[in-house]
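Student: after the sequence you'll find the predicted model.
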Amino acid sequence: MLRSRICWSGLGIFLLLALGLPEQPGAIPAFARRYRQSCTTCHSPFPRLKPYGEEFAGDGFIIPEEERERDYVTAGDELLWLNRDFPLAVRFDAYALYDEAAEGTGSQSVENDLQIPWGLKLLSGGTLYRNIGYYFYFYMSERGEVAGIEDAYVHFNDLAGQPLDLMVGQFQTSDPLMKRELRMTFEDYEIYKRKVGDSGVNLTYDRGFMATYTIEPTGTDLVAMLVNGNGKDEAGDDHKFDSDDFKNGGARISQAVGEFGSLGGFVYFGREEAASGAENEVLYWGPDLSVGFGPLTLTGQYLVRRDDNPLFHDSPGDEEVETTGFVAELLIAPRGDRSRHYVTLLYNQVETDLTDVVPGAPMEQGVAYETATLAITHLLARNLRLSAEYTRDLELERNRFVLGLVTGF
């Protein structure tokens, strides 16, 4: 017990000393190297995107007015654009945490852990041809395992000269909502990754198509997607990725409200089949909100999920299960995109009708889920940040403290 206190006291002192260090120059990731621009052009702070960063990503990671022939190897063929310097970057995440065991559950889980590194990934993205870009990253280590490819897609921008984009590949189906990869906290957006019963469906990674269209005069964004619906698992013995013949679809509409925010609505529907032949139909729907004013940015999502047979009974009766989720995040940046200190407040709540799960499961697997998180972030450099985070599990009455270091280079 004494050693544990000394360990965590030492880590706390290290963090406090680090917060007082002056800003240091450092290497910059692939896009900043390519266009000779600071990380703050797109991020505030990284990996969170500013409006210009959203536009850059929406253009397929291309700045059209900055594209020059000298940056490519064309070999005298106007149909060939090869990057003269292949863009690569690395992201490194490391955490030290104290995760309190749930009271009265008999849990013997480790409470103190050094998750160093928690993740190490290789990223690349850029131009394939005029108005065509690509992006992917490979997790060389995620929680100690080689996780492989997560995001990986080709992006066709402004098809037929219209504000119509098409992404082909692997992405998160929650990306049009609150992007999990861009969050500032160790704590996740729980409703997006939650599965119900034996269902394989959630709103994280999947394979398929995503199309976006902007009605510019009204500031309205439309998104439609078609995916396998069973995640990013490896192909089966038949060399097929999908586990059944059904495909899932989703759509979102988002309306800008003045210059300060947007309102959106999301729907996702699909069907899945178990090896026994039993089927489950899944439906998500819900509104979302984003508001930015001065140093404050508030984002919120409410989702309802309905499964008609999530346990895949051969003769389902009254098996419908409803799961509701709410996530709200407030980011405080005292000096806007020039801030070096940030405060993030995050609230998660998930409730479900399904009750045949063992109580006292780990924080991310329990039937009901409710957490409140406070995180403080400090930038040592534009591409290196430290964080201190506290999460209170309001459902299981337990605490988690996390010290983090995240960098990209």
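Tutor: Looks like it arrived, so ask away.
Student: please make it C-alpha for all contacts and neighbour counts, starting now.
Tutor: Will do.
Student: tell me the bridge partners for residue 221.
Tutor: residue 214, residue 254 (DSSP bridges).
Student: try residue 269
Tutor: residue 249, residue 283.
Student: now do the contacts for residue 227.
Tutor: Taking C-alpha atoms under 8 Å, 6 or more residues apart in numbering, we find residue 227 in contact with 206-209, 247-249.
Student: residue 134: which of those is nearest?
Tutor: Nearest to residue 134 among these is residue 209, at 13.8 Å by C-alpha to C-alpha.
Student: which non-adjacent residue is nearest that closest one?
Tutor: Leaving aside its sequence neighbours, residue 209 sits nearest to residue 168 (C-alpha to C-alpha, 6 or more residues apart in numbering; 4.8 Å).
Student: surely the one you found meets residue 154?
Tutor: Yes: using C-alpha atoms under 8 Å, residue 168 is in contact with residue 154, at 5.4 Å.
Student: same drill for the two, tell me which one is more crowded.
Tutor: Remark: of residue 168 and residue 154, residue 154 carries more neighbours, 21 against 16, as counted by other C-alpha atoms under 10 Å.
Student: so the more buried one, which of the three states?
Tutor: Under DSSP: H, G, I helix; E, B strand; the rest coil, residue 154 falls in the strand class.
Student: tell me what the nearest residue to it once chain neighbours are set aside is bridged to.
Tutor: Of all residues not flanking residue 154 in the chain, residue 134 sits nearest, at 4.4 Å (C-alpha to C-alpha, 6+ apart). On the basis of DSSP bridges, residue 134 is bridged to residue 126, residue 154.
Student: give the contact list for residue 134.
Tutor: 60-61, 125-128, 152-155.
Student: with neighbour count, pLDDT and secondary structure added, can I get the contacts of residue 227 in CSV?
Tutor: As requested, those are exported to CSV (neighbours: other C-alpha atoms under 10 Å; pLDDT from 0 to 100; DSSP: H, G, I helix; E, B strand; the rest coil):
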residue, neighbour count, pLDDT, secondary structure
206, 23, 97, strand
207, 26, 97, strand
208, 20, 97, strand
209, 20, 97, strand
247, 16, 97, coil
248, 20, 98, strand
249, 20, 97, strand
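Student: give me the residues contacting stretch 149-156.
Tutor: With contacts defined as C-alpha under 8 Å, 6+ apart, stretch 149-156 is touched by 60, 131-139, 165-172, 205, 232.
Student: strands - which of those land there?
Tutor: Mapping those onto strands (DSSP state E) picks out 132-139, 165-172, 205.
Student: shaky segments in the stretch 251-400 of the chain?
Tutor: 316-318, 355-367 (pLDDT under 70).
Student: and the strands in it?
Tutor: 261-273, 279-293, 296-307, 321-332, 341-352, 369-381, 384-393, 398-408 (DSSP state E, counting those that start in this stretch).
Student: adding distance to residue 116 and mean neighbour count, write the ones you listed out as TSV.
Tutor: Shown next, in TSV, are the strands of the stretch 251-400 of the chain (distance: least, C-alpha to C-alpha, whole Å; neighbours: other C-alpha atoms under 10 Å):
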stretch	distance to residue 116	mean neighbour count
strand 261-273	36	19
strand 279-293	33	19
strand 296-307	30	19
strand 321-332	26	20
strand 341-352	23	20
strand 369-381	18	21
strand 384-393	14	21
strand 398-408	9	20
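Student: ok, which of those strands comes nearest residue 236?
Tutor: Closest to residue 236 of the strands of the stretch 251-400 of the chain, according to C-alpha to C-alpha: strand 261-273, at 15.0 Å.
Student: what angle do that closest one and strand 296-307 make?
Tutor: Interaxial angle, strand 261-273 versus strand 296-307 (axes from the mean of the first three to the mean of the last three C-alpha atoms, to 10 degrees): 20 degrees.
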